[in-house]
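next come a sequence and a model predicted from it.
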Amino acid sequence: MSLSAISAISPLDGRYATKLSALRPLMSELGYMHRRVQVEVAWFIALSDAGFDEFKPLSPGARTYLLGLVKNFSVADGEAIKAIEKTTNHDVKAVEYWLKSKFEARPELQKVAEFVHFACTSEDINNTSHALQLRSARDVVVLPLLDKLILQLRDMAHAHADVAMLSRTHGQTASPTTVGKEIGNVVVRLQAAALRIASVQILAKMNGAVGNYNAHLSAWPEFDWEAFSKKLVETPEPLGLGLQFQPYSIQIEPHDYMAELFDAVARTNTILIDWSRDVWGYVSLGYFKQKLRDGEVGSSTMPHKVNPIDFENAEGNLGLSNALLRHLSEKLPISRWQRDLTDSTVLRNMGVALGYAALAYHSLLTGLSKLELNHAALASDLDGAWEVLAEPIQTVMRRYGLAQPYEQLKNFTRGQAMTRELMHGFIAGLAIPDADKARLLALTPGGYTGKAAALARRV
């Protein structure tokens, strides 16, 4: 069976493939190979500039050619590396052999071909490649999608800052808020979460088989290999990697930064699960209507249905993403002795974890764009909840020292249907100043929103 959108095992490469086109070149195996070639080339060029008599600086033409192999890396190149791997049964060695094969008919490069992968362990190439992949996925896909979500939600918070809405704590009617303020809460949480993702330092090591530069020093004992590696790792692309240098490691980079990054994304996803469920509930209450799309079907048997599928899909995919991210963050920092291979296969699923997150962000962006406020439902809900004014009334009573204000309102309102007339009758009998009595009489559930509108506009 040939691979197609309907034969793919993973829905990320099948049903939802078009939504993840930006992530695929970065986190696929092809993307992984591309980064490996980039690291090998950067290491090779840096070695030529290290001052060794045996490896003189490369000519400008050779440098341009090598950097072109990185810049123009193609699917055909990836397939050629996979063909070599069938013989080597080692993916990094296959990259080394492929790169050397590109030196044919170039005497300058052929003469120094053994400096490809010089003194490197596979993990020197792999950990740097993973770091480059993650940095790109974060900066090119994850953070831009979150920024779009934050901006869309912020616009909604401002637009609906003054629209009163009945709160529900423990599922019961509670002090009113505004639609904009509740959306603003999410905006502030997401802003902090995105900042945590962006602030994670992406680390990489280039220090040999067990982190001690053993092989390096056997060749040039007096050379400062640590300074050399640090410079390569931290020098901006294309001649360096533009990452943060990790000076201490076993064979593998410890992966603590990965755990930090994945935890930060998972916390962001949790905020969005909370928001997805809240929107689902508001749609159920009728606070939001959903824009109709011609030809769309909500149910195979109930013609009236317009389901909040975008928020349901987002919730499900965020959960899948978090399950993988949490496993990654818990497993990756653990490696027996100087290394075991349990991280290798797990690391190949980084793109899957981030893919489900990106898919969910797309669903949320789509779902939010389809929402319309149902002002009538919001107003009706508020008008049927006069009991929420028991809070301001008892608070004003406390100010003026009336006896047992909380208890009075509890006995008057609890378990009883409240109306404007009943509340006004209670207020009229209070021994408080006329100005405060008039203020309470003028108060409605829809007008009792505190500073909600100002807070929403401030976001």
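Good, I have the coordinates. Numbering: from 1, shown residues only.

from the centroid of the chain, which residue is nearest?
Centroid check for the chain by C-alpha atoms, centre = their mean gives Val265 as the closest residue, at 4.3 Å.

was I right to think that residue contacts Ala194?
No: judged on C-beta atoms under 8 Å, Val265 makes no contact with Ala194 at a distance of 9.9 Å. Backbone N, C-alpha and C define where each C-beta goes, glycine included.

and Asn317, what does it touch?
Going by C-beta atoms under 8 Å, 6 or more residues apart in numbering, Asn317 touches 356-357, 359-360, 363.

6 Å instead, please
Asn317 sits next to 356, 359-360 when contact means C-beta atoms under 6 Å, 6 or more residues apart in numbering.

and those residues as CSV, adding secondary structure and pLDDT?
Shown next, in CSV, are the contacts of Asn317 (DSSP: H, G, I helix; E, B strand; the rest coil; pLDDT from 0 to 100):
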residue, secondary structure, pLDDT
Tyr356, helix, 98
Leu359, helix, 98
Ala360, helix, 98
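
which of those are buried? Put it as a ChimeraX command.
For the buried members of these, the matching ChimeraX selection, counting by 16 or more other C-beta atoms under 10 Å, is:
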select :356,359,360
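
residues in contact with stretch 153-173?
Applying C-beta under 6 Å, 6+ apart, the contact partners of stretch 153-173 are 174-180, 183-184, 186-187, 378, 381-382, 385, 388, 446, 449, 453, 456-457, 459.

list the buried residues for it?
Applying a neighbour-count criterion of 16+ other C-beta under 10 Å, one finds 153-154, 156-158, 160-167, 173 buried in stretch 153-173.

Ile252 belongs to a helix?
No: membership of Ile252 in a helix is not supported by DSSP: H, G, I helix; E, B strand; the rest coil, which gives coil.

what number of residues lie near it?
Number of residues near Ile252 (other C-beta atoms under 10 Å) recorded here: 26.

isn't it up against Ser122?
No: in this structure, Ile252 is not within contact of Ser122 by C-beta atoms under 6 Å, at 9.8 Å.

which parts of this protein are strands?
In the chain, the strands defined using DSSP state E lie at 164-169, 172-178, 203-204, 244-245, 288-290, 371-373.

nearest to Leu430, of those strands?
strand 172-178 (19.9 Å; C-beta to C-beta).

partner strands of that closest one and their direction?
Strand pairing for strand 172-178, using DSSP bridges, gives strand 164-169 (antiparallel).

in PDB, list the C-alpha atoms belonging to the strand it pairs with.
These are the backbone C-alpha positions of strand 164-169, laid out as PDB (Å, rounded to 0.1, in the frame of the first residue of the first chain):
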ATOM      1  CA  ALA A 164     -22.000  41.500  31.400                       C
ATOM      2  CA  MET A 165     -22.100  37.800  32.000                       C
ATOM      3  CA  LEU A 166     -23.400  35.700  34.900                       C
ATOM      4  CA  SER A 167     -20.500  33.900  36.700                       C
ATOM      5  CA  ARG A 168     -20.800  30.400  37.900                       C
ATOM      6  CA  THR A 169     -18.700  29.100  40.800                       C
END
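
walk me through the domains of the chain.
Here the domain parsing of the chain from automatic domain parsing is 17-121, 123-374, 384-458.

sorry, back to before: for the residue nearest to the centre of the chain, give me its contacts.
197, 325.

gap between it and Leu153?
According to C-beta to C-beta, to the nearest Å, Val265 and Leu153 sit 18 Å apart.

do Asp13 as well
Distance from Asp13 to Leu153, by C-beta to C-beta: 29 Å.

just Leu203 next, same as before
Distance, Leu203 to Leu153, by C-beta to C-beta: 32 Å.

likewise for Ala266?
For Ala266, the distance to Leu153 - C-beta to C-beta - is 20 Å.

again, but for Asp381
According to C-beta to C-beta, Asp381 and Leu153 sit 22 Å apart.

now do Arg420
Distance check for Arg420 against Leu153: by C-beta to C-beta, it reads 34 Å.

same deal with Met350?
Using C-beta to C-beta, we find Met350 at a distance of 27 Å from Leu153.

swap in Phe426?
For Phe426 relative to Leu153 (C-beta to C-beta), the value is 39 Å.

likewise for Leu341?
Applying C-beta to C-beta to Leu341 and Leu153 gives a distance of 43 Å.

how far away is the closest residue to Asp278 other than its chain neighbours from Arg277?
What sits nearest to Asp278 in space, not counting adjacent residues and going by C-beta to C-beta, 6 or more residues apart in numbering, is Glu182, at 7.5 Å. Using C-beta to C-beta, Glu182 is found at 13 Å from Arg277.

and for Gly31?
The spacing between Gly31 and Arg277, counted by C-beta to C-beta, is 34 Å.

same deal with Ala62?
58 Å.

before we move on, back to that, Glu182 and Arg277: which is more packed in?
Between Glu182 and Arg277, Glu182 has the larger neighbour count (other C-beta under 10 Å), namely 21 against 14.

tell me the pLDDT of the more buried one.
At Glu182, the model reports a pLDDT of 98.

wait, what's in contact with the closest residue to Leu47 other than its chain neighbours?
Nearest-residue entry for Leu47: Phe115, 5.3 Å, with adjacent residues in sequence omitted and distances by C-beta to C-beta, 6+ apart. Taking C-beta under 6 Å, 6+ apart, we find Phe115 in contact with 44, 47, 55.

mind doing that once more with 8 Å?
Neighbours of Phe115 in contact, by C-beta under 8 Å, 6+ apart: 44, 47-48, 55.

what's the closest of these to Leu324?
Within the contacts of Phe115, the smallest distance to Leu324 is 34.6 Å, found for Phe44 (C-beta to C-beta).

from Ser229, how far out is the closest residue to Val179 other than its chain neighbours?
The shortest distance from Val179 to any non-neighbouring residue, by C-beta to C-beta, 6+ apart, is to His160 (3.9 Å). For His160, the distance to Ser229 (C-beta to C-beta) stands at 53 Å.

coming back round to it: could I get the domains of the chain as a markdown table with distance to Ile9?
What follows is these, written out as a markdown table (distance: least, C-beta to C-beta, whole Å):
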| stretch | distance to Ile9 |
| --- | --- |
| domain 17-121 | 12 |
| domain 123-374 | 11 |
| domain 384-458 | 44 |
